[in-house]
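1. 3D, please:
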Amino acid sequence: MNSTEKYMYKQVIVVRRDLNMSKGKLAAQVAHASVSSFYKTYIEKKEWALEWLRNKQPKIICKVDGLKDIHKLGESADHLGIPNVVIEDAGLTQLAPGTVTCIGIGPAPVEFIDKITGKLPLL
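-> Numbers count the residues shown, from 1 in each chain. Predicted structure coming up:
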């Protein structure tokens, strides 16, 4: 794919910026969200998951202010039928058990996912 081609499917992971996670913790949480959301998409919308795999697995990482924003994104994704997973930390290192750290949305067709994440700032 060259720079003039556009992706048809993508996945967006949105993290809370109010938690001040270390870089390593943040990377682990984003990885959890990506894998978990991909798996849920594979179960619920297999063709979306397979197209995303064929489409070089584009992932966008964005940020929001806090927990309410994560929940709003999940509700919006549910409303549009986009598989998503809210990630809660196990509490073994930096955060209390059950702390919501991020949400994985999709993979899904770009035109659907952009309706809810298109205006979010990049991490």
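2. residue ranges for the helices of the chain, please.
-> 23-44, 46-54, 67-80, 110-117 (DSSP state H).
3. Ile61 is nearest to which of the ones you listed?
-> Across those, the minimum distance to Ile61, taken as CB to CB, is reached by helix 23-44, at 6.1 Å. To be clear about C-beta, it is placed using only N, CA and C from the backbone, and glycine gets the same treatment.
4. thinking Asp18 is in contact with Asp65, fair?
-> Yes: with contact defined as CB atoms under 8 Å, Asp18 and Asp65 form a contacting pair (6.1 Å).
5. returning to that earlier point: need the helices of the chain in CSV (columns: distance to Ile13, mean pLDDT and mean neighbour count).
-> Below are the helices of the chain laid out as CSV (distance: least, CB to CB, whole Å; pLDDT from 0 to 100; neighbours: other CB atoms under 10 Å):
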stretch, distance to Ile13, mean pLDDT, mean neighbour count
helix 23-44, 5, 98, 17
helix 46-54, 13, 97, 16
helix 67-80, 11, 98, 16
helix 110-117, 10, 97, 18
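6. in stretch 99-113, what's buried?
-> 99-110, 112-113 (16 or more other CB atoms under 10 Å).
7. In its sheet, which strands sit next to the longest strand anywhere in the chain, and in what direction?
-> Criterion DSSP state E: the longest strand present in the chain is strand 100-109. Its sheet considered, strand 100-109 pairs with strand 9-16 (antiparallel), strand 84-88 (antiparallel) by DSSP bridges.
8. Surely Val14 and Gly118 touch.
-> No: using CB under 8 Å, Val14 is not in contact with Gly118; the gap is 11.9 Å.
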